[in-house]
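[1] Okay, sequence plus prediction incoming.
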Amino acid sequence: MAANRRNRFKEDGNSLKRALILVLFSVCAVLTLTLLLKRAKVSASVHHSISPPSSSHPSTDVGHIFVDKSNLPKQNELSLSLEETNRRPPRNTHLFPSLSKDHIKIVLYVHNRPKYLKIVVDSLSQVEGISETLLIVSHDGYFPEMDRIIQEIKFCQVKQIFAPYSPHLYTNIFPGVSPGDCKEKENPSEKNCKGNTDQYGNHRSPKIVSLKHHWWWMMNTIWDGLSETRNFNGHILFIEEDHFILPNAYKNIQVLTELKPKKCPECYAANLAPSDVNSRGEGWDLLIAEKMGNIGYSFNRTVWRKIHAKAKEFCNFDDYNWDITMWATVYPSFKTPVFTLRGSRSSAIHFGKCGLHQGQKSNAVCVDEGELKFRIEESDKVCNVKKEWGVHFFRKQSGYQAGFKGWGGWGDERDRQLCFNFAKMYHRV
């Protein structure tokens, strides 16, 4: 009897152990599943890919687009995740299933000025015809608030792309700040640091050079890299986060691009605003042909091919501004005047006082509420470019031209080489 009791106690003890093991296993499984779900939720909230492609491959073939990475910087996890995000299709296709046959795609390139971006997005929502086109937003790096503002757009198809080689994404390695990099006007031999100075003796500033890098990466990617645009031969309209777009802008740019080959065969582009950023236009009953401006400009693939062919000129010019580089070296290399066609009333307005290079240091913050100091007139709400108008040419204008040596900031050989490698990402130069 005692032996049977001992055996029964032993069996009960073994059963209890098995039950405890099963409970512990179940608790561990629940905790593991909860952790995985939390990680997936966080990953989705910043729109990163859970399984980015391996950085060990020097080239990739994405959607039949060959991307040569052999000479590009080694990517970190964030860069790879953003690159994966760039391959996603446009959003809001359930609301706007098709694009108009004669649509002009719009590219909005942004940095990190959320107050400005909110104003621009609101202005775009009021543009007549915006629902019939695709809006592509190109980000210089990743900033959550900028991403959130674009995620809330519901008035058209929208696609986001993020510059995966933006200096803002890298710490302790080029194209960010690398250990041992010279700063400001440091002497490499005295400080035992590395880097090439610009023509004024200054070393590179990653936050400054990102302006030119982003624009050039964006142009190469839009025209030759994205499945949505690489076979598109029409005009693409480019705007920035401090360009207020008036309600008639889209209809006006459609008319201007239609008239350009007839009224101004020598014009390379069509603009929404005068090249003088302080002007709202002449108010004449005429079309205007003048030098190409940097506010609301549009051109086609033929013009892009001419620009792309001047990659060496663009990448070697010592100025961190993409637009000054174009005016001072690229356009003059075409050997003929680079005119753009526009109306005599502006359809896009530059606003704000904080430049992209301002507010980068804690002791030099640029504060601007982005208040608009202009009124939208009734004439800004309807197409005010007439097909029967003649063309007035401004053949001699002030501003940056051939011979200007640049403001500097672009002297480091690494930046110049990265710029040129962007031109080779999708094809050989």
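    Arrived safely, thanks for sending. Residues are numbered from 1 along each chain as shown.
[2] And the residue most central in space within the chain, how close does it get to Phe314?
    Nearest to the geometric centre of the chain sits Ser138, at 2.6 Å (Cα atoms, centre = their mean). Counting by Cβ to Cβ, to the nearest Å, the separation of Ser138 from Phe314 is 17 Å. Where C-beta positions appear, they are placed from N, C-alpha and C, glycine not excepted.
[3] What of Gly180?
    For Gly180, the distance to Phe314 - Cβ to Cβ - is 28 Å.
[4] Between the two, which has more neighbouring residues?
    Phe314 (24 against 11; other Cβ atoms under 10 Å).
[5] quick one on the thing from earlier: wait, isn't the residue nearest to the centre of the chain in contact with Lys159?
    No - using Cβ atoms under 8 Å, Ser138 is not in contact with Lys159; the gap is 9.6 Å.
[6] ok, and the residue nearest to Ile245 when sequence neighbours are not counted, which helix or strand is that part of?
    Using Cβ to Cβ, 6 or more residues apart in numbering and skipping residues adjacent in sequence, the residue nearest Ile245 is Ser123, 4.7 Å away. Following DSSP states H and E, one finds Ser123 within helix 114-125.
[7] Please name every helix or strand in contact with that helix.
    In terms of contact count using 3 or more Cβ pairs under 8 Å, 6 or more residues apart in numbering; DSSP states H and E, helix 114-125 is assigned the packing partners strand 105-110, helix 144-151, strand 243-245.
[8] now do 7 Å
    helix 144-151, strand 243-245 (3 or more Cβ pairs under 7 Å, 6 or more residues apart in numbering; DSSP states H and E).
[9] angle of it against strand 105-110?
    Between helix 114-125 and strand 105-110, the angle comes out at 170 degrees (axes from the mean of the first three to the mean of the last three Cα atoms, to 10 degrees).
[10] Using PDB, list the CA coordinates for helix 114-125.
    The C-alpha coordinates for helix 114-125 follow below in PDB (Å, rounded to 0.1, in the frame of the first residue of the first chain):
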ATOM      1  CA  PRO A 114       7.000  70.900 -42.300                       C
ATOM      2  CA  LYS A 115       5.300  74.300 -41.800                       C
ATOM      3  CA  TYR A 116       6.000  75.200 -45.400                       C
ATOM      4  CA  LEU A 117       5.000  71.800 -46.600                       C
ATOM      5  CA  LYS A 118       1.600  72.000 -45.000                       C
ATOM      6  CA  ILE A 119       1.000  75.200 -46.900                       C
ATOM      7  CA  VAL A 120       2.100  73.800 -50.200                       C
ATOM      8  CA  VAL A 121       0.000  70.600 -49.800                       C
ATOM      9  CA  ASP A 122      -3.000  72.700 -48.900                       C
ATOM     10  CA  SER A 123      -2.500  74.900 -52.000                       C
ATOM     11  CA  LEU A 124      -2.200  71.800 -54.200                       C
ATOM     12  CA  SER A 125      -5.500  70.400 -52.900                       C
END
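[11] buried stuff in the helix or strand that that helix is followed by?
    For helix 114-125, the succeeding helix or strand toward the C-terminus, using DSSP H and E, is strand 134-139. For strand 134-139, burial by neighbour count (16 or more other Cβ atoms under 10 Å) applies to 134-139.
[12] swap in stretch 334-345?
    337-345.
[13] how about the residues you listed in a markdown table, adding pLDDT, distance to Ser298 and secondary structure?
    Formatted as a markdown table, those follow (pLDDT from 0 to 100; distance: Cβ to Cβ, whole Å; DSSP: H, G, I helix; E, B strand; the rest coil):
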| residue | pLDDT | distance to Ser298 | secondary structure |
| --- | --- | --- | --- |
| Pro337 | 93 | 18 | coil |
| Val338 | 95 | 14 | coil |
| Phe339 | 97 | 14 | strand |
| Thr340 | 98 | 9 | strand |
| Leu341 | 98 | 10 | strand |
| Arg342 | 98 | 10 | strand |
| Gly343 | 97 | 13 | coil |
| Ser344 | 96 | 17 | coil |
| Arg345 | 96 | 17 | coil |
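[14] could you say which helix or strand contains the closest residue to Ile324 other than its chain neighbours?
    Spatial nearest neighbour of Ile324, excluding adjacent residues (Cβ to Cβ, 6+ apart): Tyr400 at 5.1 Å. Per DSSP H and E, Tyr400 falls between elements, in no helix or strand.
[15] List the contacts of Tyr400.
    By Cβ atoms under 7 Å, 6 or more residues apart in numbering, the contact list for Tyr400 reads 324, 327-328.
[16] which stretch among the helices and strands packed on helix 114-125 comes nearest Val110?
    helix 144-151 (5.9 Å; Cβ to Cβ).
[17] how far away is Arg305 from His427?
    11 Å.
[18] one step back: now intersect the contacts of Tyr400 with the helices, please.
    Ile324 (DSSP state H).
[19] List just the nearest of the contacts of Tyr400 to His214.
    The closest of these, once distances to His214 are taken by Cβ to Cβ, is Ile324, at 15.2 Å.
[20] Leaving out chain neighbours, which residue sits closest to Lys183?
    That would be His203: by Cβ to Cβ, 6+ apart, it lies 6.0 Å from Lys183.
[21] How about Tyr320?
    Gly409 (3.5 Å).
[22] can you check Glu282 too?
    Ser344 (4.5 Å).
[23] can I assume the residue nearest to the centre of the chain is in contact with Tyr109?
    Yes - under the criterion of Cβ atoms under 7 Å, Ser138 makes contact with Tyr109 at 4.4 Å.
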